[in-house]
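J.: The following block contains a protein sequence and its predicted model.
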Amino acid sequence: MSDGARLLFPLWQIDPQEYRAICAHLGLKPKMPIYDRLSSYLARAPFRFPRPTGFSLSLARLRLTRFHIARLDVATKLFLAQHPVRHVLNGVIALHECEGEGYREMSATPTGRAALLDMVGWGLGYAWRLALTVPWLGWQLLGYTAAMPFRREPELAGRRILITGVNRGLGKDLMLHCLENGAEVLGTVRNAHAEETIKAWLPAEAPVTLLIADLSKPDALATALNNAQIAPESLDAAILNAGVKYDGESVLSLTNFRDTFQVNLFSAAEFASWLCRPAANEAHAKRFPLAQGSPGPDLAEAAIKGARGSRAGASIALVLVSSMGRWHGMHSVCGYNASKAALSIWGESLDMELRQSGDRHFAVTIVEPGIFESGMSRYTPLTRFLFVSRREVARRIVSGALSGKAAIRPPFWFALITWAVCLGGRDLRYRLFTRAKPGGNRR
């Protein structure tokens, strides 16, 4: 099993280091075949057990160190029987019991006087763990309560979310976050090979519909949605994440430059035109209810209601994933930064037009993340220092977009650094960026 599959759903999955820490806590010898079976079991857990919420959710996001495992072992036994960590611990115990050496480790018990001493030691140990756990749990609750006014965690259960580029990178993390939190995902991939890879990787229970759409082709996304009979009004959100970056290519490489703008900008505009068309038809029906050929006001109103479906009055979140690089130029990326600048400004322009027309069917969110680990990011001492968690970026995008934020720039400190560099002038940017990123191919 690959590392990516092992870490499928972050709230439920554990990595090998966390598995070894759990085995040390339980007095077991870690075995990677058992870890693989545990990972397969936990991959289906989000679709079989209730999702943690509130304070329980904040505990599920903790890194499983030896200290945290000991505290959560006690807390989940006493208060949170359905917590993901309880399922992880129970799974480790059950799988080791089914294995010969693991069973001998767990069934080994002292006899005679040693048994009495062992019971006394266990009782004292449990009392000590409980004495540590209660104040620790209180401290965690205090921190959770203090952060509540700033926390936005929209309910995703039952929502239908379109995400482009789900076969890797940020798109994959966006898909996993939505699935883990109960959403249905429509995911796009570029070709049939990527589609088969994702299908083999995801659990069978995952509510995912995959569509093949090569965004370098005009109207590919709208065509794929129409062929799959996906109605615009059936979506709760659309996260246009897919992008292309020709690293090492000059801005004078015109073929790749055009492809960059087609994927990063024009495919978004084409999708927005498809998405907004039912609302435009509705506005026309309201304005001209008795136009020639119109079925009359009653039937026109019925058609409007039918287009809206059961989501009448709800707005669709249109999320455009741009980049903090849109604030400055960058050599040898074939116009990537320029395409993201155009995407951000085009998205703001679309939002202005929708507001001016009074159209509240859509809420436009522009995402400009900092540097995170992806196939588009080059490893240097500087970028390794600046990298942010891709999973945290995915969580911020989804929660921010569905709560109606107009702009999301995770993390904000990276945005402040970027703006400061931009104010420093072109010569500063040249010296800084050429040092961080060596020159590429030139024409």
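T.: Yes, it's here.

J.: any low-confidence regions in this protein?
T.: Within the chain, the stretches with pLDDT under 70 are 1-7, 108-112, 278-314, 372-388, 438-443.

J.: how is it carved up into domains?
T.: Using automatic domain parsing, the domain ranges for the chain come out as 3-150, 160-436.

J.: give me phi/psi at P33?
T.: Main-chain dihedrals, P33, degrees, to the nearest 10: phi -60, psi -40.

J.: Who are the packing partners of the helix or strand hosting D351?
T.: Per DSSP states H and E, D351 falls inside helix 336-356. Applying 3 or more Cβ pairs under 8 Å, 6 or more residues apart in numbering; DSSP states H and E, one finds that helix 336-356 contacts helix 254-261, helix 267-287, strand 316-321, strand 362-367. Every C-beta, even on glycine, is put in place using the N, C-alpha and C of the backbone.

J.: Each with direction, which strands does the third one pair with?
T.: What that stands for is strand 316-321. strand 237-240 (parallel), strand 362-367 (parallel) (DSSP bridges).

J.: Give me the contact list for the first one.
T.: Going back to what we said before, that points to strand 237-240. 159, 161-164, 174, 267-268, 271, 275, 316-321, 397-398, 401-402 (Cβ atoms under 8 Å, 6 or more residues apart in numbering).

J.: same question, the longest one
T.: Among residues not part of strand 362-367, those counted as contacts by Cβ under 8 Å, 6+ apart are 275-276, 279, 315-322, 343-344, 347-348, 350-351, 354, 397, 400-401, 404-410.

J.: Kindly calculate the angle that it makes with helix 336-356.
T.: 150 degrees (axes from the mean of the first three to the mean of the last three Cα atoms, to 10 degrees).

J.: Helices along the stretch 151-300 of the chain, start to end?
T.: Taking DSSP state H, counting those that start in this stretch to define them, one finds helices in the stretch 151-300 of the chain at 169-180, 192-201, 220-227, 254-261, 267-287, 297-308.

J.: tell me which residues in the second one are buried?
T.: Right, helix 192-201. A194, E195, I198 (16 or more other Cβ atoms under 10 Å).

J.: I'd like the strands paired with strand 316-321 as TSV, with mean neighbour count and distance to Y126 appended.
T.: Putting the strands paired with strand 316-321 into TSV (neighbours: other Cβ atoms under 10 Å; distance: least, Cβ to Cβ, whole Å) gives the following:
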stretch	mean neighbour count	distance to Y126
strand 237-240	26	47
strand 362-367	22	47
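
J.: can you redo those as CSV with distance to P50?
T.: Formatted as CSV, these follow (distance: least, Cβ to Cβ, whole Å):
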stretch, distance to P50
strand 237-240, 23
strand 362-367, 29
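
J.: circling back to that earlier point, how far does the helix holding D351 sit from its chain's centre?
T.: Distance, stretch centre to chain centre, for helix 336-356: 23 Å (Cα atoms, centre = their mean, to the nearest Å).

J.: what's in contact with that helix?
T.: 243-246, 251, 260-261, 264-265, 268-269, 272, 276, 318, 320, 322-323, 325-330, 360, 362, 364, 366, 368, 376, 406.

J.: residue nearest the centroid of this protein?
T.: L174 (2.5 Å; Cα atoms, centre = their mean).

J.: need the contact list for it.
T.: Contacts of L174 by Cβ under 8 Å, 6+ apart are I163, V166, I239, N241, A394, I397, V398.

J.: hmm, try it at 7 Å
T.: Shown in contact with L174 (Cβ atoms under 7 Å, 6 or more residues apart in numbering): I163, I239, N241, A394, I397, V398.

J.: Mind listing what's buried along the lengthiest helix in the chain?
T.: Across the chain, the longest stretch assigned as helix under DSSP state H is helix 113-147. Counting neighbours by 16+ other Cβ under 10 Å, one finds that the buried residues in helix 113-147 are T133, W136, L137, Q140, Y144.

J.: what would those look like in CSV with distance to I212?
T.: Output for the buried residues of helix 113-147, formatted as CSV (distance: Cβ to Cβ, whole Å):
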residue, distance to I212
T133, 50
W136, 49
L137, 48
Q140, 45
Y144, 42
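
J.: nearest to L210, of the residues you listed?
T.: Y144 (36.4 Å; Cβ to Cβ).

J.: So what touches the host helix or strand of A21?
T.: Secondary structure assignment for A21, by DSSP H and E: helix 16-26. Outside helix 16-26, the residues that touch it by Cβ under 7 Å, 6+ apart are 29-30, 35, 64-66, 69-70, 73, 88-89, 92-93.

J.: coming back round to it: C98: which of the buried residues of helix 192-201 is nearest?
T.: Closest to C98, out of all of these and judged by Cβ to Cβ, is I198, at 30.9 Å.

J.: So that closest one sits against L210, correct?
T.: Yes - look at I198 against L210 with Cβ atoms under 7 Å: they come within range, at 6.1 Å.

J.: and for the two, which residues touch both?
T.: V189.

J.: circling back: top of the contacts of L174 by neighbour count?
T.: Among the contacts of L174, I163 has the most neighbours (other Cβ atoms under 10 Å), with 30 neighbours.

J.: Let me see the contact set for L38.
T.: Contacts of L38 (Cβ under 7 Å, 6+ apart): G91, V92, L95.

J.: quick one: it and A94, what's the gap?
T.: Note on L38: its distance to A94, by Cβ to Cβ, to the nearest Å, is 9 Å.

J.: How about A341?
T.: 54 Å.

J.: The two: which has the busier surroundings?
T.: More crowded of A341 and A94, by other Cβ under 10 Å: A341, with 19 against 12.

J.: For PyMOL, write the selection for the buried entries among the contacts of strand 362-367.
T.: PyMOL command restricting the contacts of strand 362-367 to the buried ones, with burial defined by 16+ other Cβ under 10 Å:
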select buried, resi 275+276+279+316+317+318+319+320+321+322+343+344+347+350+351+354+397+400+401+405+408+409+410
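
J.: Regarding stretch 100-118, how distant is the last residue from the first?
T.: End-to-end distance for stretch 100-118, by Cα to Cα, to the nearest Å: 24 Å.

J.: between the helices and strands packed on helix 336-356, which gets nearest to P232?
T.: helix 267-287 (4.9 Å).

J.: so what's A228 up against?
T.: Counted by Cβ under 7 Å, 6+ apart, A228 has contacts L211.

J.: what's the answer for W12, then?
T.: W12 neighbours (Cβ under 7 Å, 6+ apart): L42, A45, P46, P84.

J.: quick revisit: how about the contacts of L174, which pair is most distant?
T.: Among those, N241 and V398 lie farthest apart (Cβ to Cβ), at 11.0 Å.

J.: Which residues lie in contact with R277 in this structure?
T.: P232.

J.: Actually, H87.
T.: Going by Cβ under 7 Å, 6+ apart, H87 touches A45, F49.
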